[in-house]
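1. Return atomic coordinates for the entry below.
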Amino acid sequence: MSDTRDPVADLRRIAFLLERAHESTYRVRAFRTAAAALRGKDADELARMRKSGELVALRGVGEVTARCVAESLDGEEPVYLRRLEATEGVPLDTAAEQLRGALLGDLHSHTDASDGGSPLQEMVETAIALGHSYLVVTDHSPRLTVANGLSADRLRAQIAQVADLNTALGEHGSTFRVLTGIEVDILDDGALDQDPDLLEALDVVVASVHSKLRMPGDEMTERMLTAVANPHVDVLGHCTGRMVTGKRKRPESDFDAPRVFDACAEYGVAVEINSRPERLDPPKRLLRLAVEAGCDFSIDTDAHAPGQLDWLDFGCTRAVACGVPAERVRNTWEVSSLLSHRG
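-> Next up, the predicted model:
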């Protein structure tokens, strides 16, 4: 067989790096437990167990740790380990600051047209003051009545308003661009809550689940897969729907994350790293899965007020901790690249 690495050493190294990064104890324990379960087994025995399926069935070894072992046996540094090693030796705050400096805009923001607290003009002026090159306005879609979601006619009016504002900015010599968008609800069957022709006309479409967050995992998975496969979707917003602070605390939705992230990579849908302190979505373990799946990302504030547009640091810190490559973060791209990617 080809040259191999030491799977046990790789698993122990991952556990060490996770622990150093103050990750959850259960995540560290998963890799240490897997390493202990495999200790004493040589490469040939592990290769046989991998082929027979015994490896993933071994007590203490899960799908993620088994994948790492398989990569080690193939002589490759496990992707999980490679992402962790990428940030070794670079202070987290320094790396996060570098990533923040590379961000050119924000792909998820709200105005008082839906449930935001300020008008479009004020949000744009704040984004300019923060040094952004662009801001995508993504007010809610009509079914989210509690958030005053935009009907088709109201969305058309906002598109015209954005065009007028861009004209005015250009007349004053500004190169800043306001981009049209929407945070469209993913309906129970995976359909999108807005006219397809309107979605096609927008610059960026963020699709998010806001209702029935506790539906069974298999149904939620199919719901999300259907949405991700929709050609109008550019970004999968706050994928777990969790709330981690405040009075609105709620657990993550149940869905098959590897399948959903694989679909995102296949269909070119970015996984949002939501910077809101009460969301911080996806959790780090899922963010790492999305990195391993080859997904693109967008680091967004989901701002509902001008001051919240400065929350990108929270998302950058999480992205760096999970080894997200800057070139796969779409809001490091120029406007022309964003729009050409949409086709």
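
2. Going by C-alpha atoms from here, please, whenever you check contacts or count neighbours.
-> Noted.

3. what's the domain layout of the chain?
-> Following automatic domain parsing, one gets these domains for the chain: 7-86, 92-342.

4. which residues sit in contact with residue 80?
-> By CA atoms under 8 Å, 6 or more residues apart in numbering, residue 80 lies in contact with 14, 68, 288, 292.

5. Please read the previous query as pertaining to residue 102.
-> Contacts for residue 102 (CA under 8 Å, 6+ apart) come out as 326, 332.

6. got the phi/psi numbers for it?
-> Taking degrees, to the nearest 10, you get phi -90, psi -10 for the backbone angles of residue 102.

7. excluding its backbone neighbours, what's nearest residue 93?
-> residue 317 (7.0 Å; CA to CA, 6 or more residues apart in numbering).

8. What count of nearby residues applies to the one you found?
-> Applying other CA atoms under 10 Å, we find 19 residues neighbouring residue 317.

9. So it belongs to a strand, correct?
-> No. Residue 317 is assigned helix when assessed by DSSP: H, G, I helix; E, B strand; the rest coil, not a strand.

10. mind listing the strands for this structure?
-> Along the chain, the segments classed as strands by DSSP state E run 105-106, 134-137, 177-185, 204-208, 235-236, 270-274, 297-300.

11. what angle do the longest one and strand 204-208 make?
-> Pointing back at strand 177-185 there. Angle, strand 177-185 to strand 204-208, by axes from the mean of the first three to the mean of the last three CA atoms, to 10 degrees: 30 degrees.

12. Alpha carbons of strand 177-185, as PDB, please.
-> Below are the C-alpha coordinates for strand 177-185, written out as PDB (Å, rounded to 0.1, in the frame of the first residue of the first chain):
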ATOM      1  CA  ARG A 177     -22.600  50.400  -5.000                       C
ATOM      2  CA  VAL A 178     -25.900  49.500  -3.400                       C
ATOM      3  CA  LEU A 179     -26.900  46.000  -4.600                       C
ATOM      4  CA  THR A 180     -30.500  44.700  -4.800                       C
ATOM      5  CA  GLY A 181     -31.300  41.600  -2.800                       C
ATOM      6  CA  ILE A 182     -33.700  39.800  -0.600                       C
ATOM      7  CA  GLU A 183     -33.700  37.400   2.400                       C
ATOM      8  CA  VAL A 184     -36.300  35.100   0.900                       C
ATOM      9  CA  ASP A 185     -38.100  32.600   3.100                       C
END
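
13. The domains of the chain: lowest mean pLDDT?
-> Lowest mean pLDDT of the domains of the chain: domain 7-86, a mean of 87.

14. and the residue nearest to residue 93, how far is that from residue 339?
-> 27 Å (CA to CA, to the nearest Å).

15. now residue 137
-> As judged by CA to CA, residue 137 and residue 339 stand 15 Å apart.

16. do the same with residue 191
-> Taking CA to CA as the measure, residue 191 falls 23 Å from residue 339.

17. Which residue is the nearest non-sequential neighbour of residue 15?
-> Residue 15's closest residue in space is residue 28 (CA to CA, 6+ apart), at 4.9 Å.

18. mind listing what that neighbour touches?
-> Contacts of residue 28 (CA under 8 Å, 6+ apart): 14, 15, 16, 18, 19.

19. Kindly give a single PyMOL line that selects the buried subset of those residues.
-> To isolate the buried ones among the contacts of residue 28 in PyMOL, judged by 16 or more other CA atoms under 10 Å, type:
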select buried, resi 14+15+18
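
20. Out of the contacts of residue 28, which comes closest to residue 209?
-> Using CA to CA, residue 18 is the member of those that lies nearest residue 209, at 29.9 Å.

21. Excluding residues flanking it in the chain, which one is nearest that closest one?
-> residue 28 (6.1 Å).

22. what about residue 41, how many neighbours?
-> 12.

23. From residue 6, how far off is it?
-> Residue 41 sits 11 Å away from residue 6, going by CA to CA.

24. cool, and residue 260?
-> Relative to residue 6, residue 260 is positioned 31 Å away (CA to CA).

25. Can you pick out the residue with more neighbours from the two?
-> Applying other CA under 10 Å to residue 260 and residue 6 shows that residue 260 carries more neighbours, namely 24 against 14.
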